[in-house]
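Chemist: below is the sequence, then the predicted model.
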Amino acid sequence: MHPAILLLRARGEFWKRISTNSGVADIVFSLLAFIMISSAVYGAVLAGWRSPLLSLYVAAKLPILLVGTTSLVMLLNWMFAMAAGSGLSFRQVIAITYGAMGVACWILLSLIPVTLFFTFGVASDQGSHEELRLTHNYLLLTHVVLIALAGVAGNSALRQGLREVIIPTCSPGRIYWSWIISFALVGCQLSWILRPFVGSPFYGIEFIRPDALDRNFFEFIFVEVLPYVFKGG
């Protein structure tokens, strides 16, 4: 059975394979393909309100974001696991990390109807400057929340699996929270570098902005998005 299907229907068997180091390489490559395909589908819908070209760009960039985030935090996750005395090998950490992202991608696929509703049923690319700004900010926050919830759910499933994979004397809580924080920090900043995803109506359509390395995700959200959302509400 495909590892992505195991995550959905027989998660205990998935964790058992990892704990016994059974076919870990195959699990990783299979999950990598699933993550790329499912996130590309979600990405194509995400930017649909702005432009078909931006939808194509985001369909390519969202897999880069999710796979890139997962890959960048692997070594950090392994270091946290080693420090906690988990007994996990680096190969097992890779498989577990991709497993968490695989669960998140199943949730993103299930949220596509919600995304379609907000993208094509609520959002409009017509209106005044303030209306367009508010539409963009609401869409951006909606997708940030949905993707964050998918990530938290994926890592929640991971916590259950950690109990079955790590040695009994190790507490999964410390590993879980360190992994959550590393996912969040790396994922948010990488998403900022790879922007646009939703697509501001005040900028042209482009794959990556020329100022990609300027500022950071958190500054943008708290300075330029939330104040206008609350003002508009």
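Modeler: Noted; the coordinates are in hand.
Chemist: surely residue 159 touches residue 174?
Modeler: No. Here residue 159 lies out of contact with residue 174, judged by Cβ atoms under 8 Å, at a distance of 11.0 Å. In this view, the C-beta of every residue, glycine as well, is placed from N, C-alpha and C.
Chemist: this structure: helices as residue ranges?
Modeler: All helices of the chain, identified by DSSP state H, fall at 3-9, 11-19, 24-46, 52-83, 90-110, 112-116, 129-165, 172-193, 217-220, 226-232.
Chemist: separation between the closest residue to residue 106 other than its chain neighbours and residue 99?
Modeler: Counting by Cβ to Cβ, 6 or more residues apart in numbering, residue 106 lies nearest to residue 8, which is 5.8 Å off, once chain neighbours are set aside. With distances taken as Cβ to Cβ, to the nearest Å, residue 8 is found 11 Å from residue 99.
Chemist: how about residue 66?
Modeler: Distance of residue 66 to residue 99, computed by Cβ to Cβ: 13 Å.
Chemist: again with residue 165
Modeler: Distance from residue 165 to residue 99, by Cβ to Cβ: 10 Å.
Chemist: give the intersection of the neighbour lists for those two.
Modeler: residue 18 (Cβ atoms under 8 Å, 6 or more residues apart in numbering).
Chemist: compare the two (neighbour count), which wins?
Modeler: residue 99 (26 against 23; other Cβ atoms under 10 Å).
Chemist: contact partners for that one?
Modeler: 3, 7, 14, 18, 27, 31, 157, 158, 161.
Chemist: with adjacent residues omitted, what lies nearest to the third one?
Modeler: In other words, residue 14. For residue 14, the closest residue by Cβ to Cβ, 6+ apart turns out to be residue 6, at 4.1 Å.
Chemist: now do the fourth one
Modeler: Of all residues beyond its chain neighbours, the one nearest residue 18 is residue 95 (5.0 Å), with distances taken as Cβ to Cβ, 6+ apart.
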